[in-house]
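# coordinates only, sequence not included:
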């Protein structure tokens with residue numbers, strides 16, 4: 001584990017500023033810049049309604065354009081903004097190209113915030129000029145960028161790690177935002193990961209897809225899938241390692257680092273859910289297939305009743321069993337075992353088709369911790385999966401009832 005986020009890898013710099021896009025007296029624009037062209041991979045929202053920046057980025061990623069920079073704003077999503085929204089993306093890219101001396105088609109765009117509002121292009125372009133001037137490769141610059149992409153987030157979210165490939169030290173770092181509208185198949189999240197590895201585009205895209213499926217697509221806060229979900233990975237090759245072109249030891253090290261970054265960031269997203277008081281982790285084992293394990297884990301983590309029970313410190317195992325039952329996976333309820341686990345201990349709450357002999361007081365103590373694990377043993381096979389989410393509190397409604405104001 002390393003300090004920092006998107007500036008941890010060689011050749012990357014960042015900035016975060018107050019541009020007045022929507023908010024006042026808070027950072028709301030960020031820049032990530034690479035000294036060298038990057039190979040890029042990305043995944044995007046599965047929502048049919050896609051924001052203009054998603055369409056812009058998808059087009060660049062799909063045509064394998066070398067990437068040099070990402071410009072991100074918070075406050076306004078640039079979603080459901082028609083032709084004007086796409087024009088705004090183009091103008092932002094052109095402004096970044098001029099300020100940084102790079103091609104416009106090497107600039108990716110990210111936006112998050114209120115849907116349906118048009119973007120203040122004059123403030124965006126002025127902000128881009130400032131971002132270009134203020135970019136630095138320091139840890140603090142990465143921190144400012146991470147703060148600038150927050151909306152209802154209560155904390156900024158970063159991670160970094162180093163590993164060895166081809167005898168060279170390779171570093172990977174990332175930042176993300178997201179607190180509500182979080183649901184498997186991406187969420188109202190933006191995540192950006194930078195790396196100084198030399199790796200082929202083909203293998204990068206394969207690694208990214210597999211990792212996103214196991215991390216960001218296994219989290220949920222509220223069951224809503226956003227219009228703006230974007231994950232972007234940029235690798236500039238400046239570590240000097242031999243290019244990773246085969247699924248060898250270096251590729252496995254790369255995947256392990258990516259799994260660490262994405263798992264860490266995904267858990268930060270889930271734990272910072274709007275109004276959340278606890279991070280919930282659901283570990284499923286003994287499933288018949290990998291797909292069943294994923295279905296079961298996601299079903300429990302998406303259950304509003306289970307989430308509310310955790311908030312109330314109520315060991316209502318029936319809600320968990322119910323969520324398993326409507327997941328779509330086939331299993332024998334008589335074989336299932338359920339456990340609650342926390343720092344204070346682990347207790348079994350269900351076995352052989354009925355409640356286990358457990359202490360309600362001990363269960364409530366575990367459920368009152370900041371991190372709660374629900375262990376599910378299906379006894380149907382050998383496959384496993386993990387999902388993450390948070391409890392559902394009164395404050396979630398308050399935050400979202402007042403979001404646009």
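Perfect, I can see it now. All values reported here derive from a predicted model rather than from experimental measurement. Numbers count the residues shown, from 1 in each chain.
# in contact with residue 279, which residues?
With contacts taken as Cβ atoms under 8 Å, 6 or more residues apart in numbering, residue 279 has the following neighbours: 267, 270, 271, 370, 371, 372, 388, 389, 390. To be clear about C-beta, it is placed using only N, CA and C from the backbone, and glycine gets the same treatment.
# filter those to the buried ones?
Burial by neighbour count, 16 or more other Cβ atoms under 10 Å: within the contacts of residue 279 this picks out 267, 270, 271, 372, 388, 389, 390.
# wait, the last one sits on residue 269?
Pointing back at residue 390 there. No - here residue 390 lies out of contact with residue 269, judged by Cβ atoms under 8 Å, at a distance of 9.3 Å.
# show me where the stretch 51-200 of the chain has helices.
52-62, 82-100, 121-134, 139-148 (DSSP state H, counting those that start in this stretch).
# and the last one, which residues are buried?
In other words, helix 139-148. Neighbour counts using 16+ other Cβ under 10 Å place 139, 141, 142, 143, 144, 145, 146, 147, 148 of helix 139-148 among the buried residues.
# same deal with the second one?
By neighbour count with 16+ other Cβ under 10 Å, helix 82-100 contains the buried residues 85, 88, 89, 91, 92, 93, 95, 96, 97, 99, 100.
# and the closest residue to residue 128 other than its chain neighbours, how far from residue 17?
Taking Cβ to Cβ, 6 or more residues apart in numbering, and ignoring the residues beside it in sequence, residue 128 has residue 95 as its nearest neighbour in space, at 4.5 Å. Using Cβ to Cβ, to the nearest Å, one obtains 14 Å as the distance from residue 95 to residue 17.
# what of residue 251?
In this structure, residue 251 and residue 17 are separated by 37 Å, where distance is defined by Cβ to Cβ.
# circling back: out of the helices of the stretch 51-200 of the chain, flag the one nearest residue 33.
Each of the helices of the stretch 51-200 of the chain was checked against residue 33 via Cβ to Cβ, and the shortest separation belongs to helix 82-100, namely 6.3 Å.
# what mean pLDDT does that closest one get?
When pLDDT is averaged over helix 82-100, the result is 97.
# same check, this time on stretch 43-54
Taken as a whole, stretch 43-54 has an average pLDDT of 90.
# which outside residues touch that stretch?
57-58, 77-81, 85-86, 88-89, 109-111, 115, 185-186, 208-209, 212, 216, 225-231.
# quote the end-to-end distance of it.
For stretch 43-54, the first and last residues are 9 Å from each other (Cα to Cα, to the nearest Å).
# again with stretch 11-27
With Cα to Cα as the measure, the ends of stretch 11-27 fall 24 Å from one another.
# ok, which stretches of the stretch 301-405 of the chain are strands?
337-342, 345-351, 354-355, 371-377, 383-390 (DSSP state E, counting those that start in this stretch).
# list the buried residues in the fourth one.
Using 16+ other Cβ under 10 Å as the test for burial, strand 371-377 gives 372, 373, 374, 375, 376, 377.
# also stretch 321-341?
Those would be 321-324, 327, 329, 331, 336-341, for stretch 321-341 by 16+ other Cβ under 10 Å.
# nearest to residue 6, of these?
Set against residue 6, the nearest of these by Cβ to Cβ is residue 341 (33.5 Å).
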